[in-house]
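Peer 1: task: produce atomic coordinates for the following.
(2 chains)
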Amino acid sequence: LAKTTQPISMDSYEGQEVNITCSHNNIATNDYITWYQQFPSQGPRFIIQGYKTKVTNEVASLFIPADRKSSTLSLPRVSLSDTAVYYCLVGSPGAGSYQLTFGKGTKLSVIP
Amino acid sequence: EPEVTQTPSHQVTQMGQEVILRCVPISNHLYFYWYRQILGQKVEFLVSFYNNEISEKSEIFDDQFSVERPDGSNFTLKIRSTKLEDSAMYFCASSEGRGPGYTIYFGEGSWLTVV
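Peer 2: As a prediction, the model looks like this:
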């Protein structure tokens, strides 16, 4: 499984766009990049998944450069309720492993 | 949005007792999982379950643990002879399929405290 590196913590003011970058230098050809969000004492919640270029949904955007060695989760106009831990996961569950491997994630604090 | 439900939300048990954590996965999902998170630590994979058998398990999932799908809707995690270090939040999860494009959905968790 590819190892991921992301900032331990970030602070942002309400209304700002937040970009969280994840490095995954040894990403494999079949690997996808998935982001989860976790609030305290709650289960991880799927945000977005992508393979290359850009993916956008109603919650976030995911930017993946051509070399795929990093990815950036973009949260538009954050609010206080976006304060959470954000996890970047890289893998290809269909290639033989069922498990998701979580790192320590990025603790995002949104300030009023 | 459909969700994975877990019971109990919180359980306190004495060391050495058996605990059963229950989960109702999303109805059309075929793959089921248990994860745990010790306070302040990472979310850790325990086991995956498909077609009424364990597909994959981690080193944490030793003989103390077992999983079962007793009927068409429930998925349970049994912890025999609980230890203090079993205190954690246990998350059940499920997915419709396996691989890219299939999202793994997590429940809200069952907080287990062993005293």
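Peer 1: just the element for the residue of chain B found nearest chain A, please.
Peer 2: Closest to chain A within chain B is residue B:99: 2.5 Å, counting by Cβ to the nearest Cβ. For every residue, glycine as well, the C-beta is placed using N, CA and C. In the assignment (DSSP states H and E), residue B:99 maps to no helix and no strand.
Peer 1: distance of it from residue B:3?
Peer 2: The gap separating residue B:99 from residue B:3 is 22 Å, by Cβ to Cβ, to the nearest Å.
Peer 1: again with residue A:63
Peer 2: 29 Å.
Peer 1: could you pull out the strands for chain B?
Peer 2: For chain B, the strands defined by DSSP state E cover B:5-7, B:10-13, B:19-24, B:31-37, B:43-50, B:53-57, B:65-68, B:75-79, B:88-95, B:105-106, B:110-114.
Peer 1: which other residues reach the fourth one?
Peer 2: With contact meaning Cβ atoms under 8 Å, 6 or more residues apart in numbering or on different chains, strand B:31-37 is reached by A:98-100, B:21, B:23, B:25, B:43-50, B:55, B:60-61, B:67, B:69, B:75, B:77, B:88-98, B:102, B:104, B:106, B:109.
Peer 1: ok, residue B:115 - how many residues close by?
Peer 2: Residues lying near residue B:115 (other Cβ atoms under 10 Å in any protein chain shown) number 10.
Peer 1: touching, it and residue B:15? I think so.
Peer 2: Yes. Between residue B:115 and residue B:15 there is a contact at 6.9 Å, judged by Cβ atoms under 8 Å.
Peer 1: now do the contacts for residue B:86.
Peer 2: Residue B:86 makes contacts with B:19, B:64, B:79, B:112, B:114, as judged by Cβ under 8 Å, 6+ apart.
Peer 1: drop the exposed ones from those and show what's left.
Peer 2: B:19, B:79, B:112, B:114 (16 or more other Cβ atoms under 10 Å in any protein chain shown).
Peer 1: for stretch A:54-63, list the C-alpha coordinates in CSV.
Peer 2: Below are the C-alpha coordinates for stretch A:54-63, written out as CSV (Å, rounded to 0.1, in the frame of the first residue of the first chain):
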residue,chain,number,x,y,z
LYS,A,54,-10.0,16.6,-11.4
VAL,A,55,-13.0,15.3,-9.6
THR,A,56,-15.8,17.5,-8.2
ASN,A,57,-18.9,16.7,-6.2
GLU,A,58,-21.3,18.7,-4.1
VAL,A,59,-18.9,18.8,-1.1
ALA,A,60,-15.3,19.1,-2.5
SER,A,61,-12.9,18.9,-5.4
LEU,A,62,-10.0,16.7,-5.8
PHE,A,63,-7.0,17.8,-7.9
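Peer 1: buried residues, it. List them.
Peer 2: Using 16+ other Cβ under 10 Å as the test for burial, stretch A:54-63 gives A:55, A:60, A:61, A:62, A:63.
Peer 1: narrow those residues to those in helices?
Peer 2: Judged by DSSP state H, the buried residues of stretch A:54-63 include no members of helices.
Peer 1: redo those residues as JSON lines? Include distance to chain B and pLDDT.
Peer 2: Below are the buried residues of stretch A:54-63 laid out as JSON lines (distance: Cβ to the nearest Cβ, whole Å; pLDDT from 0 to 100):
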{"residue": "A:55", "distance to chain B": "12", "pLDDT": "95"}
{"residue": "A:60", "distance to chain B": "14", "pLDDT": "97"}
{"residue": "A:61", "distance to chain B": "17", "pLDDT": "98"}
{"residue": "A:62", "distance to chain B": "13", "pLDDT": "98"}
{"residue": "A:63", "distance to chain B": "18", "pLDDT": "97"}
